[in-house]
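Visitor: sharing a model that was predicted from the sequence below.
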Amino acid sequence: MTTNYVEAQRVSKSFGQHQVLDQIDLTVPAGTIYGLIGPSGAGKTTLIKSILGMEAVDGGEVHVMGTLMPNRAVMAQIGYMAQSDALYETLTGRENLKFFGQLMNVPKTKLAQMIDYAANLVNLTTQLDQRVSGYSGGMKRRLSLAIALIQDPPLLVLDEPTVGIDPELRQQIWAELNKLKTGGKSMLVTTHVMDEAERCDYLMLIRHGIALAQGTPAELKQRYHVETIEQVFLKAGRLQDANNGNR
Amino acid sequence: MRTMAIVRRVLKQMVRDKRTLALMFLAPLLIMSLMYFLFQNNTTQVASLGVHNVDSQVLKVIKTKHVDLKDYESTASAAKMIKQHDLDGYLTQKNGKLTVTYSNSNPTNTSLIKAALQSGLVKLKVKALAAATKTQQRVLVKQQRALTKLTTAQTQATVTKLKMALAQAQASGNTAAVKKLKRQLKQATSTRSTSQHVSKPTSYTTQAHYIYGSSDSTFFENFLPIFLGFFVFFFVFLISGISLLNERTTGTLSRLLATPIRRSEIIFGYLIGYGLFAIIQTFITVLFAITVFKIHLVGSIWLVFLVNLLLALVALALGIFISTFANSEFQMIQFIPLIVVPQIFFAGLIPVTGMANWLQVVAHVMPLYYGANALTDVVTKGATLGDIGVNLLILVGFMVVLTFLNIVGMKRYRKV
């Protein structure tokens, strides 16, 4: 297996006249947390869907686990948490986990064990047999994360995983993500929250479909001569506007 | 395995949704019961006809159980009387001429009065004809009697004349003449007997036999098989379409497609899951019709199930297909008058063979046309699998094409 879980080269995508992604290069090595930051509509979700193989790219190519995407079989190795909670409200948390576990080809013998593991990880064990319609927003988010973990995938793609989650739980989830990282998993995370961006090993700043900057948080701060990632974000944006949309 | 996961999930969701379950299983029974009572009482429609200055013998023949006569003295205009007394028609007579005015606010009542008037006038004419015939008959009988008298006298004269000639001939020994005369004599006596033969008019009676059903057959029994198919088609279309739409709008479809599942596995999971409910629904409605309304099912009940299952699968595939053009449940509902309601017109309530040519073409693209035809044939005529085979094959064709389109259509949400 290659040490790079995700390799995207010059990925371009447009919807009609609107260029959503413009020649994006992205590499996620094993055992890293890779952060995608950028304003809404920057193309983060489209990039993620291209990596998952749900969106066909216009130019460039994406490899996941060394396999050219789109590829259906490789999808079993990616744990995906969508931006909006996609859960079956009339089913219980356990039934949701079981259902997605079956779709992810988790063997029957391992399924119960994996459900307990994933539920425990997101602190949902006690509410697992309640229907999702009675869950709070945070509980739904946690269940979505548990579903992403159900098949114990080497790669997690998390689209804004901590939206609507209280600070205490957010700390817990990040601690968990770090634990998973030390276990050799990689994570591709999009976020709006700048202190979360600081926790990533590697960052990509994306705006108007263009990768403005890539590097570790420290490198970025140094490059733009600023103190925080938030300032990197703002400064890079202003520079882009000054350059007529180019970097 | 993954298809079964979808099936199990669909079943679980349906079982938890008690309202939808009730709609699917109880609503058809309610509608069927209503129809049963509505179609039972369709013989007691009564039209009210006001009459003024009409001969009593005319009134006697017009009056039927469908037309209620009310005699008015007033000489006001027919239009005024109809409005004032809420009548369906008004009949007046001037000398021999009858004038009828219809309210025509209810065409059924208009035709009831029309029929009563027509049959009444025919009755009168027949009566007059019968009276005329009777007098004619009397004259004829008299004439006939005179005629017989005359002919008997004549024959008798001929016979005596012939007998005399015969005696003469025998005496003279002319054998040829004897033979000839004997023959003539025989003829003369035989004409007497034939002239007495009187022809009698044949009186016709009818005896009715019914190949399908009996003299008690009502509209309900004719329409029932059509509605059996329609219920399944309608509810399955609606429920499957909306559930896939929900899956799309809540994002779970996109989430499903982020797993290694095949697009076809999703579609087949839906077909099997909702197909099971369609079978249960058919089972309940058919059983209800047979046990509660004592409907006589001529053909095999298994064929009824088979046709309904195929109809349900077509409705499922169609519902899923149509749902891709809707962005909300409300928009899905908007497809009912477009897709579902027209089907019922071509399902056999109105005979398709009597339709304009282009309408017949339209009928042949409606899945319910084939399904309802097959159901009617099985329930009322006892058709076998071979008889309805073509219809079933066409339904399978609909299903295959729609399912294929659905699987391809899912590419919109995932490229593989």
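Guide: Sure thing, it's come through.
Visitor: can you pull the contacts of residue 32?
Guide: In the absence of a named chain, chain A is used. A:181, A:186-187, A:201-202 (Cβ atoms under 8 Å, 6 or more residues apart in numbering or on different chains). Backbone N, C-alpha and C define where each C-beta goes, glycine included.
Visitor: right idea, wrong chain: chain B
Guide: B:Met32 sits in contact with B:224, B:227, B:285, B:288-289, B:293, where contact means Cβ under 8 Å, 6+ apart.
Visitor: can you list the buried residues in stretch A:183-200?
Guide: By neighbour count on 16 or more other Cβ atoms under 10 Å in any protein chain shown, the buried set for stretch A:183-200 is A:185-191, A:196-197, A:200.
Visitor: going by distance to chain B, which of the residues you listed wins?
Guide: Using Cβ to the nearest Cβ, A:Leu188 is the member of the buried residues of stretch A:183-200 that lies nearest chain B, at 13.3 Å.
Visitor: quick one: that closest one from B:Tyr102, how far?
Guide: Using Cβ to Cβ, to the nearest Å, A:Leu188 is found at 80 Å from B:Tyr102.
Visitor: now swap in A:Val20 and tell me
Guide: 70 Å.
Visitor: returning to that earlier point: secondary structure and distance to chain B for the contacts of A:Thr32 - can I get that in CSV?
Guide: Converted to CSV, the contacts of A:Thr32 look like this (DSSP: H, G, I helix; E, B strand; the rest coil; distance: Cβ to the nearest Cβ, whole Å):
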residue, secondary structure, distance to chain B
A:Lys181, helix, 22
A:Ser186, strand, 17
A:Met187, strand, 16
A:Asp201, coil, 24
A:Tyr202, strand, 23
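Visitor: where does the chain dip in pLDDT?
Guide: Chain wasn't specified; assuming chain A. Along chain A, segments meeting pLDDT under 70 span A:1-2, A:244-247.
Visitor: wait, I meant chain B there
Guide: B:41-44, B:191-201, B:213-218, B:416.
Visitor: which parts of it sit against chain A?
Guide: Residues of chain B found near chain A (Cβ under 8 Å from any Cβ of the partner chain) are B:1-2, B:5, B:8-9, B:12-13, B:16-17, B:250-252, B:254-262, B:413-416.
Visitor: wasn't B:Gly50 part of a strand?
Guide: Yes. The assignment for B:Gly50 (DSSP: H, G, I helix; E, B strand; the rest coil) places it in a strand.
Visitor: which residues does it form a beta bridge with?
Guide: B:Lys70, B:Tyr90 (DSSP bridges).
Visitor: distance of it relative to chain A?
Guide: Using Cβ to the nearest Cβ, to the nearest Å, B:Gly50 is found at 63 Å from chain A.
Visitor: so that residue sits right up against B:Gln84, yeah?
Guide: No. Counting by Cβ atoms under 8 Å, B:Gly50 stays clear of B:Gln84, with 9.4 Å between them.
Visitor: more crowded one of these two?
Guide: Remark: of B:Gly50 and B:Gln84, B:Gly50 carries more neighbours, 24 against 12, as counted by other Cβ atoms under 10 Å in any protein chain shown.
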